[in-house]
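Peer 1: Here is a sequence together with a model predicted from it:
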Amino acid sequence: GRRSSRVTSRFEEFATTKMLIATSLLLVGSATADFTLTLLSTHDVRGSAFPVSEFGSECRHDYYADKPCKCYGGAARRAGVLAAASDPDVVSLDSGDHFFGGGSFFPAFGGVASAELFAACGYEAYGLRYRDFSAFANSSSDGAAALSAILDRMRAHDPTLPLPVVSNLDVSGVPSLESRIARSSVVPLGGGRTLGVITLFDQTDLQATNPTMAARCHDWRRGLTTALADLRAAGMPTVVVVVQAAHAVTLDGSAPGKEGESISETIRRAVLQLAAEEVEVDVFLAMGSHFARQELTEVDDWAGGRTLIATQPVSTPLWSNFASKRRGEYVLNLTVSFDDNGVLVPNASVREVIHLDCNAAEDATVKARLDELHAEMTEMLSLVVGELKGDAGADRASPPPEDETAGPVKILPGGCANLPAGVGCGCYVADCQ
């Protein structure tokens, strides 16, 4: 059997159930026979609907059409690759930070178009991260209502999409989010098996960008334990967990790291500790900035089970090269095999990286929609909605002093706070619709 007699007797009625654990997403799967599970995972897309250059900047539309092999990623290629998840034992996942980011796309559409393109990919499980909770937050709002509107719009495009999963965030008492975010999720597989998903994210950045929401975050250990209890109560004692980490974090919220230890080492140590503590866990996925360089490690837990851990190399700096800045460039393809007792087959797991370059097939429907959105964006961002004379200054709360010697300055949508009273102004698409 895959566990000790003590654990087997405790979970005797659930002997055929599999569970996976990953940093950011928790996956729980049941196994009645020898089978192979494939996870197709995207990470840290940050609104990169259009392909990006080798330096991480958004590819111009004409440049992409002329030199597609000089551009990477993009929603059309991503949707084309994720179409392979039509097999019941192939599951598509996103670990969070998908909608909101840099470039021109998010400023133009405010997450609305990204939600539409996300829905077109048909993800079967997905998490949220700090940018998702920070994009609309400001000094007077925690941004929850705006985020809920984006989630509603996304599911309006595809009503079959599940709820996003954030396992270490308490949204109870937040009316706009408590019915729109789940603590865990269950994905059906082939042969009557099921996969449970749990996501754990690092709230370090959220403390600066949205302290109200950060105060609702739990540490990883508490989030994982609570989500596992929910899944086990539903008859699924085995779990796969995906962890999303950007900084050195600890399991209990105490001071992170050890002297001389890199962030990668701290994250790896935390995941190894979780794996040692929890039984009925088969896979941990640690999704960091260099997830394309992940290494696979197999460890035995205290109950005799075997766990696969995917973490980035401890020697890899998080922000060391351009590859980490080419958002949405990769899809992680992880295949995990189990024997007929539901035990992870030793040294049989295969990790590959699907590079979304010019060799990746594009989804024709998504590509056509991107062309339409690019035309809309070009028109919107070239629209002059008013004139301002002089330097706008740092204080955006009131118009700057008038300077008759300065030439006119174009004001784009979003710069309305700088315009004198009575001058018409534009708005973000997210607000206009």
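Peer 2: That came through, no problem.
Peer 1: ok, so what distance separates the residue nearest to residue 137 when sequence neighbours are not counted from residue 136?
Peer 2: Of all residues not flanking residue 137 in the chain, residue 143 sits nearest, at 3.7 Å (Cβ to Cβ, 6 or more residues apart in numbering). (Each C-beta comes from the backbone N, C-alpha and C, glycine too.) Distance, residue 143 to residue 136, by Cβ to Cβ, to the nearest Å: 3 Å.
Peer 1: now swap in residue 194 and tell me
Peer 2: 34 Å.
Peer 1: can you give me the strands for the stretch 201-350 of the chain?
Peer 2: Using DSSP state E, counting those that start in this stretch, the strands found in the stretch 201-350 of the chain span residues 239-244, 281-287, 295-300, 306-311, 330-338, 350-355.
Peer 1: Count the residues that sit near residue 90.
Peer 2: Look at residue 90: counted by other Cβ atoms under 10 Å, it has 19 neighbours.
Peer 1: and if you look at residue 167?
Peer 2: 31.
Peer 1: Touching, it and residue 225? I think so.
Peer 2: No: Residue 167 is beyond contact range of residue 225, at 9.6 Å (criterion: Cβ atoms under 8 Å).
Peer 1: What residues are bridge-paired with residue 39?
Peer 2: residue 91, residue 334 (DSSP bridges).
Peer 1: got the contact list for residue 209?
Peer 2: Shown in contact with residue 209 (Cβ atoms under 8 Å, 6 or more residues apart in numbering): 130, 133, 134, 137.
Peer 1: before we move on, back to that, tell me the pLDDT at the residue nearest to residue 137?
Peer 2: Per-residue confidence at residue 143 stands at 89 (pLDDT).
Peer 1: going forward can the numbers begin at 882, since that is how I track them
Peer 2: Sure thing, new numbering starts at 882, so read that last one as residue 1024.
Peer 1: pretty sure it is in contact with residue 1016, am I right?
Peer 2: Yes: when contacts are counted by Cβ under 8 Å, residue 1024 is listed as touching residue 1016 (6.6 Å).
Peer 1: re earlier: and the residue nearest to residue 1018, what does it touch?
Peer 2: 1014, 1015, 1016, 1017, 1018, 1091, 1094.
Peer 1: got it, and residue 1043?
Peer 2: Counting by Cβ under 8 Å, 6+ apart, residue 1043 touches 1005, 1006, 1007, 1063, 1066, 1068.
Peer 1: which two in the residues you listed are spaced the farthest apart?
Peer 2: Spatially, the most separated pair among the contacts of residue 1043 is 1005 and 1063, at 13.3 Å (Cβ to Cβ).
Peer 1: Neighbour count: these two, which is higher?
Peer 2: residue 1005 (24 against 20).
Peer 1: Can you pull the phi/psi pair for that one?
Peer 2: When read as degrees, to the nearest 10, the backbone of residue 1005 gives phi -100, psi -10.
Peer 1: For it, give its distance to residue 1078.
Peer 2: 8 Å.
Peer 1: With residue 1147 instead?
Peer 2: Noted for residue 1147: a distance of 25 Å to residue 1078, by Cβ to Cβ.
Peer 1: out of these two, which sits in the busier spot?
Peer 2: residue 1078 (33 against 19).
Peer 1: Now the residue nearest the centre of the chain: closest residue in space, sequence neighbours ignored.
Peer 2: Centroid-nearest residue in the chain: residue 977, 1.5 Å away (criterion: Cα atoms, centre = their mean). Spatial nearest neighbour of residue 977, excluding adjacent residues (Cβ to Cβ, 6+ apart): residue 1010 at 3.3 Å.
Peer 1: quick revisit: what sits against the residue nearest to the centre of the chain?
Peer 2: For residue 977, the contacting residues are 905, 924, 925, 1007, 1008, 1009, 1010, 1012, 1013, 1080, 1082, 1125, by Cβ under 8 Å, 6+ apart.
Peer 1: Could you say which of those residues is surrounded by the most neighbours?
Peer 2: So for the contacts of residue 977 (other Cβ under 10 Å), the most neighbours sit at residue 1080, 37 neighbours.
Peer 1: contacts for the longest helix seen in the chain?
Peer 2: Looking across the chain with DSSP state H, the single longest helix is helix 1245-1262. By Cβ under 8 Å, 6+ apart, the surrounding residues in contact with helix 1245-1262 are 930-931, 942, 955-957, 960-961, 985-986, 988-990, 994, 997-998, 1001, 1293-1294, 1310.
Peer 1: Extract the residue ranges of this protein that are flagged as low pLDDT.
Peer 2: 882-914, 983, 1117-1121, 1126-1144, 1169-1173, 1194-1206, 1269-1314 (pLDDT under 70).
Peer 1: That one: helices as residue ranges?
Peer 2: Applying DSSP H to the chain gives helices spanning 886-891, 942-947, 956-963, 986-990, 993-1002, 1011-1015, 1025-1038, 1087-1090, 1092-1095, 1101-1114, 1144-1158, 1245-1262, 1310-1313.
Peer 1: Just put the ones you listed in CSV and tack on distance to residue 916.
Peer 2: As requested, the helices of the chain are exported to CSV (distance: least, Cβ to Cβ, whole Å):
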stretch, distance to residue 916
helix 886-891, 20
helix 942-947, 40
helix 956-963, 21
helix 986-990, 39
helix 993-1002, 25
helix 1011-1015, 33
helix 1025-1038, 30
helix 1087-1090, 37
helix 1092-1095, 39
helix 1101-1114, 19
helix 1144-1158, 22
helix 1245-1262, 31
helix 1310-1313, 43
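Peer 1: Residue 1049 reaches residue 1106, doesn't it?
Peer 2: No: using Cβ under 8 Å, residue 1049 makes no contact with residue 1106, being 10.0 Å away.
Peer 1: These two: who's more crowded?
Peer 2: residue 1049 (23 against 15).
Peer 1: so what's the more buried one closest to, chain neighbours aside?
Peer 2: Residue 1049 sits nearest to residue 1104 (Cβ to Cβ, 6+ apart), 2.7 Å away.
Peer 1: Tell me which residues touch that neighbour, please.
Peer 2: Applying Cβ under 8 Å, 6+ apart, the residues contacting residue 1104 are 1048, 1049, 1050, 1079, 1081.
Peer 1: What is the neighbour count of the fourth one?
Peer 2: Spelled out, that is residue 1079. Neighbours of residue 1079 (other Cβ under 10 Å): 37.
Peer 1: That one against residue 1110, yeah?
Peer 2: No: at 11.0 Å, residue 1079 and residue 1110 do not qualify as touching, with contact defined as Cβ under 8 Å.
Peer 1: Now for the contacts of residue 1024, which sits with the most neighbours around it?
Peer 2: Ranked by neighbours (other Cβ under 10 Å), these are led by residue 1014, which has 30 neighbours.
Peer 1: mind listing what that residue touches?
Peer 2: Counting by Cβ under 8 Å, 6+ apart, residue 1014 has contacts 1023, 1024, 1025, 1028, 1087, 1090, 1091, 1094.
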